[in-house]
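Chemist: Got a predicted structure here, sequence first:
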Amino acid sequence: MSVPGATVASVTKFHAIHTERLILRPLRQDDRADVVRIQSDPATNQFNPDPPDAEQAGKQFEYWLSHWEEHGYGYFAVVEAATGELVGVGGVQSKEMHDEKLLNLYYRFRAESWGKGYATEMASAAVEWAEREIPERPVVISVALINKPSRRVAEKLGFTPYLEEDYHGLRSTHYRR
């Protein structure tokens with residue numbers, strides 16, 4: 001699925017992806033407070049059986065920054081282009097599952113940003129980038145069965161279920177193209 005007008009730099013010189021309404025850029029240290037707030041917000045964790053508190057979310061953030069340093073890509077700061085406001089986190093990150101090297105597609109948005117199609121817009125651009133820049137690693141989306149909104153996003157992107165199992169404490173479906 002193509003994102004009209006999306007532009008991307010190479011993995012080693014990644015700067016940002018611009019979509020119609022969003023800027024997807026590398027996380028930076030000054031994003032910490034916004035990202036921790038999003039990650040630890042109970043509203044954004046309604047399908048998470050073990051939601052992170054602020055301390056755990058801070059550790060996630062540090063891990064995500066180290067992934068960028070090691071790999072040259074990772075989860076993005078999702079910025080609303082019109083306002084410059086950080087509205088979410090998402091993108092792809094390296095993952096090994098069932099002895100296969102994959103890219104995990106992830107996203108989490110502030111509750112105030114829900115219903116605008118940002119998850120699909122960001123995910124579409126991230127998948128397009130990953131399939132072009134790291135084609136040897138398939139992109140997967142792991143979604144709890146009870147998380148119908150995220151399952152709809154996976155299906156809109158053309159992903160289909162390939163495995164169902166208990167994953168991070170919930171019965172989940174793994175999707176791929």
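Modeler: Now that the structure is in, tell me what you want to look at.

Chemist: Give me the contact list for the longest helix along the chain.
Modeler: Ranked by residue count and defined by DSSP state H, the top helix of the chain is helix 54-71. Here helix 54-71 makes contact (C-beta atoms under 8 Å, 6 or more residues apart in numbering) with 11, 26-29, 31-32, 35-36, 39-40, 52, 74-75, 89, 93-94. For glycine as for every other residue, the C-beta is placed from the backbone atoms N, C-alpha and C.

Chemist: Residue 73 reaches residue 126, doesn't it?
Modeler: No - using C-beta atoms under 8 Å, residue 73 makes no contact with residue 126, being 9.5 Å away.

Chemist: what residues are shared contacts of these two?
Modeler: 91, 92.

Chemist: These two: which has the busier surroundings?
Modeler: Of the pair residue 73 and residue 126, residue 126 is the one with more neighbours under other C-beta atoms under 10 Å, namely 28 against 23.

Chemist: Quickly find the element holding that one.
Modeler: With elements taken from DSSP states H and E, the one containing residue 126 is helix 118-133.

Chemist: Just the helices from the chain, written as ranges.
Modeler: Taking DSSP H to define them, one finds helices in the chain at 32-40, 54-71, 118-133, 148-156.

Chemist: Right, I'll leave it there.
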